[in-house]
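>>> Attaching a predicted model along with its sequence, questions to come.
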Amino acid sequence: MSRRLLEALAVASVMIALIVFLRLSVAGQAVAGQATVPQPTPRTASAPAAAPSAAIPKTSWGQPSLEGIWLDEFDTPLERPAKYATREFFTDAERAAQDAERAGSAGRNVRAEVGSRQDVAGAYNAVFTSVKPTGRRTSLVVDPPNGRIPALTPRAQELNRRDREFRLALLQNTDTCKNKMTACNGWKYGPPSPVRSELPPFYNTQRMNRHDGPEDQSMADRCMAGSEPDFVGFRRIVQGQDSIAIGVDTGQGQGFQRVVYLSGNHPPTNIRLRHGDSRGHFEGNTLVVETTNYSPKFPIRGAAENLKVVERITRLSANTLEYSVTLTDPTVWTAPWTVKQELTLQRDTENRIYYEPRCYEGNYGLPALLIGARIDEKKFAEGQGPDPASQDTASCLLNPEPQ
């Protein structure tokens with residue numbers, strides 16, 4: 001046998017032995033129930049634990065991530081009922097009792113006289129809406145310690161008085177005043193007031209009992225409801241390196257967008273914006289936002305030109321944000337006040353409809369309201385209907401009970 005043949009046979013023998021060895025090795029692993037890929041080393045009692053699921057998510061550029069749709073899933077009154085004094089939290093028993101009371105609340109499906117204006121106005125029936133569970137806090141306001149918004153300044157009280165008198169005068173000839181209902185408290189029944197032909201003392205943002213034009217309607221009627229800070233609706237946060245966009249859903253398909261700039265300064269004081277000008281920066285895991293330059297046409301509880309809002313948004317965990325906001329306006333309140341909430345991350349799939357508010361300024365609802373008012377005026381002029389000044393189309397739904 002030649003030398004070359006012997007070398008070939010030797011190589012073949014080695015290859016066959018190697019193949020047999022590998023097959024036996026794999027078979028042995030299969031018999032033992034072991035995978036053929038490396039497995040992680042089993043954790044022992046002394047091994048370090050993995051990062052907790054509540055670790056703070058970060059953006060690709062290193063900031064705490066605030067992105068997502070967030071909601072306060074609990075029902076907490078803005079101000080604390082006086083009976084709880086300075087007590088900040090409910091007991092579990094108190095929360096359970098309130099949940100039970102709201103779940104079976106009589107009157108959620110009460111209707112006014114069928115076919116009446118009040119009946120039509122009550123078409124948004126609360127029986128078809130869900131009820132949030134009671135929150136831990138006795139109020140959203142955490143400072144002052146009594147959980148109450150500070151008293152108004154004398155100047156703010158006087159402005160409120162003038163505004164209220166104007167609105168009550170528009171109700172003067174209605175059954176609301178004739179029957180001494182709550183909405184007319186402090187006023188008397190009488191003939192239509194000459195105030196109906198006057199301009200309101202301030203730019204109107206609330207519902208009034210007159211419908212001469214869009215400015216007589218409330219912000220909600222005009223699809224312009226909502227202001228920041230908002231304590232009720234959803235918030236969708238989209239984050240960038242230089243700015244953060246916050247979309248706020250205020251209910252009934254209404255919403256607005258605001259942008260928080262992470263650089264620059266507030267514009268000059270003569271520039272006024274509906275939602276103010278927001279400038280922010282990060283302090284650890286907290287986004288701190290200062291907003292000023294509010295427009296006097298869109299006051300927040302009466303505060304606008306001199307209002308400063310400071311928000312602190314902190315990512316506590318993968319699913320929780322803490323939201324704290326302090327409002328300061330020495331011309332309206334005698335002291336600053338602070339609200340605190342915990343917001344829970346919502347699932348994008350179920351809330352995809354949130355991305356597009358369905359109510360917008362000037363949609364068909366507003367012209368329909370004004371057309372209805374013109375029809376009522378025409379019928380009255382032709383002797384076929386009541387005087388519009390005698391019909392309460394503003395407060396009947398809000399305060400129907402007698403004084």
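Right, received. Where do you want to start? Numbers count the residues shown, from 1 in each chain.
>>> Can you pull the phi/psi pair for the closest residue to residue 309 other than its chain neighbours?
Sequence neighbours aside, residue 291 is the residue nearest to residue 309 in space, at 4.4 Å (criterion: CB to CB, 6 or more residues apart in numbering). Quick note: C-beta positions are derived from backbone N, CA and C, even for glycine. In this entry, residue 291 is assigned phi and psi values of phi -120, psi 130 (degrees, to the nearest 10).
>>> pretty sure residue 291 is touching residue 228, no?
Yes - here residue 291 lies in contact with residue 228, judged by CB atoms under 8 Å, at a distance of 7.0 Å.
>>> Mind listing the shared neighbours of the two?
Shared between the contact lists of residue 291 and residue 228 (criterion: CB atoms under 8 Å, 6 or more residues apart in numbering) are residues 275-276, 309.
>>> Among the residues you listed, which lie within helices?
The helices, defined by DSSP state H, take in nothing from these.
>>> Sitting in strands, which of those residues do you find?
Those of these mapping onto strands are residue 309, per DSSP state E.
>>> Drop anything exposed from the shared contacts of residue 291 and residue 228.
With neighbours counted using 16 or more other CB atoms under 10 Å, the shared contacts of residue 291 and residue 228 contain these buried positions: 275-276, 309.
>>> Closest one of the residues you listed to residue 69?
Here the nearest of these to residue 69, counting by CB to CB, is residue 275; it sits at 19.2 Å.
>>> The residue nearest to residue 309: what's it in contact with?
Residue 291 touches 228, 275-279, 308-311, counting by CB under 8 Å, 6+ apart.
>>> would JSON lines of the residues you listed with distance to residue 163 and pLDDT be doable?
Supplementary listing: the contacts of residue 291 in JSON lines, determined by distance: CB to CB, whole Å; pLDDT from 0 to 100:
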{"residue": "228", "distance to residue 163": "22", "pLDDT": "80"}
{"residue": "275", "distance to residue 163": "22", "pLDDT": "92"}
{"residue": "276", "distance to residue 163": "22", "pLDDT": "95"}
{"residue": "277", "distance to residue 163": "26", "pLDDT": "97"}
{"residue": "278", "distance to residue 163": "28", "pLDDT": "97"}
{"residue": "279", "distance to residue 163": "32", "pLDDT": "98"}
{"residue": "308", "distance to residue 163": "23", "pLDDT": "98"}
{"residue": "309", "distance to residue 163": "22", "pLDDT": "98"}
{"residue": "310", "distance to residue 163": "27", "pLDDT": "98"}
{"residue": "311", "distance to residue 163": "28", "pLDDT": "98"}
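>>> Farthest pair within these?
Taking CB to CB as the measure, the contacts of residue 291 span a maximum distance of 15.0 Å, between 275 and 310.
>>> rewinding a little: quick check: beta-bridge partners of the residue nearest to residue 309?
In this structure, residue 291 has the following beta-bridge partners (DSSP bridges): residue 278, residue 309.
>>> That one and residue 143: what is the separation?
Using CB to CB, to the nearest Å, one obtains 19 Å as the distance from residue 291 to residue 143.
>>> all helices for this structure, in order.
Assigned by DSSP H, the helices in the chain fall at 3-31, 92-103, 117-121, 154-170, 175-178, 365-381.
>>> For the fifth one, which outside residues touch it?
In this case it means helix 175-178. 171, 181, 183-184, 187-190, 390, 392, 395-396, 399.
>>> Out of the residues you listed, the closest to residue 242 would be?
The shortest gap between residue 242 and any of the contacts of helix 175-178 belongs to residue 395, at 46.3 Å (CB to CB).
>>> isn't that closest one right up against residue 187?
No - using CB under 8 Å, residue 395 is not in contact with residue 187; the gap is 11.4 Å.
>>> which neighbours do those two share?
Shared between the contact lists of residue 395 and residue 187 (criterion: CB under 8 Å, 6+ apart) are residues residue 171.
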